[in-house]
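Participant: Any chance you can model this:
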Amino acid sequence: MDPQYFLSWKAALLFLLMPRGLRCLSVRILNQEPFHVIPGSSLVLKARIELGPLEEVSQVTWEREPETGIDPERVTLASCPGGGPECAGTRPNVRASVEQQEATLQINGYGEAESGVYGVSVTDHAGATATAQCIVRTYEAVHHVSVSVNVSHSTLVCSEAWGTEPRFSWFHERVAVTEAAGRVSGGGATLVWTETPVVCGHFTCTVSNKLGHSSATYTAAPCETEGRGTTAAVVCPVLLLLLGGGLAFVLWRRHRHGNRGERLHEHLDDTV
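Facilitator: Residues are numbered from 1 along each chain as shown. A predicted model of the protein is given here:
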């Protein structure tokens, strides 16, 4: 009998008889799911391989399939032998490697067609297989920002269509809203206005992410502030004084001209 053939069967038998705790082949993708990628950049996925003391990796395979669909088509992206770090990619922009129980897949020039469910399969020398999956989606810019109001609750709600990782910022009359003026909730999308009993003035919501920002403004009735009341209280008396002074001056001028006419008439009578 061929010694190599005998040893291979012996190894298989030992694996089957091996205590369950020594067979712990598993794999997990380290990227947070869903993983978003900006178009044109590089997609990099990393997977951690866990092996038992007597296990060895014989094959690592990366695949992709659509996230939705009745019968999704699975595409093989790279296949890596367990004995070396280099892997064979199926496309020029695909790179893969296996180093120290960590498998890496890199796709350069990521496009929307690369989105989907990515899977990694690890096979050991005895034929046991472990798999892991990760959803990859395209990083979207911010779109269609709008602001709505609930007047009875002094609440403003900022909405955004489908941008990835949106961040919300609120401004009142072009000044950032502070905690003293309003309370932000709902991940920053909702503003409860607490400075006045009713919503007034101009409120702007700005939504931003890695690809840019967009904003929308809600315009309410003008705010009645103490400064405006004080100004009116000062201006009105001044105007009244000016009007009164002008009227008194006109009356004085008329009275003066009337007296001059009477004196001139009396002087003419004396001369005649």
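Participant: Okay, the spatially most central residue of the chain and Glu33: tell me how far apart.
Facilitator: In the chain, the C-alpha nearest the mean C-alpha coordinate belongs to Pro166, at 1.6 Å (Cα atoms, centre = their mean). Shown here: Pro166 relative to Glu33, a distance of 19 Å by Cβ to Cβ, to the nearest Å. (Each C-beta comes from the backbone N, C-alpha and C, glycine too.)
Participant: Same check on Leu211?
Facilitator: 21 Å.
Participant: what does Leu54 give?
Facilitator: Distance, Leu54 to Glu33, using Cβ to Cβ: 31 Å.
Participant: just Glu140 next, same as before
Facilitator: Following Cβ to Cβ, the distance that separates Glu140 from Glu33 is 17 Å.
Participant: go on, Ser58?
Facilitator: 27 Å.
Participant: Looking at the two, which is more packed in?
Facilitator: More neighbours surround Ser58 than the other of Ser58 and Glu33, with 15 against 12 (other Cβ atoms under 10 Å).
Participant: Chain neighbours aside, what residue packs nearest to that one?
Facilitator: Gly82 (4.4 Å; Cβ to Cβ, 6 or more residues apart in numbering).
Participant: Was I right to think the one you found contacts Glu55?
Facilitator: No: under the criterion of Cβ atoms under 8 Å, Gly82 is not in contact with Glu55, lying 10.2 Å apart.
Participant: Now for those two: what residues contact both?
Facilitator: With contacts taken as Cβ atoms under 8 Å, 6 or more residues apart in numbering, Gly82 and Glu55 have His125 as neighbours in common.
Participant: More neighbours: which of the two?
Facilitator: Neighbours per residue, other Cβ under 10 Å: of Gly82 and Glu55, the larger number sits with Glu55, 20 against 15.
Participant: What backbone torsions are found at that one?
Facilitator: Listed backbone geometry of Glu55 is phi -100, psi 150, with angles given as degrees, to the nearest 10.
Participant: Look up how far Asp124 lies from it.
Facilitator: When Cβ to Cβ is the yardstick, Glu55 and Asp124 sit 5 Å from each other.
Participant: shared neighbours of these two, which are they?
Facilitator: In contact with both Glu55 and Asp124: Leu25, using Cβ under 8 Å, 6+ apart.
Participant: got the buried residues for stretch 125-132?
Facilitator: By 16 or more other Cβ atoms under 10 Å, the buried positions in stretch 125-132 come out as 125-126, 130, 132.
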